[in-house]
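J.: Quick one, fold the following:
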Amino acid sequence: MKITETVLPGVLIIEPTVFGDHRGFFLETFQTERYSEAGIDLPFVQDNHSRSQRGVLRGLHLQRSRPQGKLVSVSRGAVYDVAVDIDPASPTCGQYVGVELSDDNHCQLWIPPGYAHGFCVLSEVADFQYKCTDFYYPDDETGLLWNDPDVSVPWPIVSPKLSEKDQELPTLRQLLGEEG
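T.: Next comes the predicted model:
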C-alpha cells in the first residue's frame, strides 16, 4: 500500500494495493501489522457504515473527552472527506485536509484522535465505512460548523443537506472558547 503524509500531523492518505482482473478486484481494507508499520497502531473498537444521498454533508464531528481515531473509506460512490485540526496548541490548528474517497480509487483516510471530521456525498449514493478507536458517546459529541469562514473548507457542493444538529455546530473560535 502507498502511504501519503498530509499537512496535518498524523493524517494519512492510504492507497491499498488492488488486485484486479476480468472478474473484479480484491484488496485488504485493514491488516494490523501493515497498518501498524504505517503508524496506525491504536486498537479499533467499533466499525460504522452509513449510506447517504448526493448533497448530504455529515460533520464536522468530534468527541470532546473521548476522541476517536477513524480509518475511513467508501465502498460505493464518492465523497469529499475532510479532517480539521482543532488543537489550539498545534501549528496547524484551523487547517484542513480534504480528499476524494471513492469506490474507484479505493483510498482511505486515517484521522488520528483529536481532529474534527466530516464528508459530503458527490455521487447519487455513497456507502461510507469507518473504523473507530473509541466508542461513540452521544453526550460527548460536538463538532465544528461545516462552513466556518476561519477554516474555509472548499466543499464541492453549494447547498448541502445537513442534519439539524450539524446546522447548529459551533465555529472554531466558539469551540476553542475564544468567543460566544
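J.: okay, CA-based contacts and neighbour counts for the rest of this
T.: Noted.
J.: And the helices in this protein, which stretches?
T.: 32-37, 164-167, 172-175 (DSSP state H).
J.: in the first one, what's buried?
T.: Which is helix 32-37. Tyr35 (16 or more other CA atoms under 10 Å).
J.: same thing with stretch 49-68?
T.: Using 16+ other CA under 10 Å as the test for burial, stretch 49-68 gives 52-63, 66-68.
J.: Any idea which of the helices of the chain gets closest to Val74?
T.: Nearest to Val74, of all these, is helix 32-37, at 17.9 Å by CA to CA.
J.: Residues in contact with that closest one: which ones?
T.: Under the contact criterion CA atoms under 8 Å, 6 or more residues apart in numbering, helix 32-37 has outside partners Asp41.
J.: what's the span of stretch 98-108 from first residue to last?
T.: End-to-end span of stretch 98-108 (CA to CA, to the nearest Å): 12 Å.
J.: what sits against the residue of the chain positioned farthest from its centre?
T.: Within the chain, the residue lying farthest from the chain centre (CA atoms, centre = their mean) is His22, at 31.8 Å. Shown in contact with His22 (CA under 8 Å, 6+ apart): no residues.
J.: Kindly report the same for His117.
T.: Contacts of His117 (CA under 8 Å, 6+ apart): Gly59, Leu60, His61, Leu62, Asp81, Val82, Ala83, Val84, Ile111.
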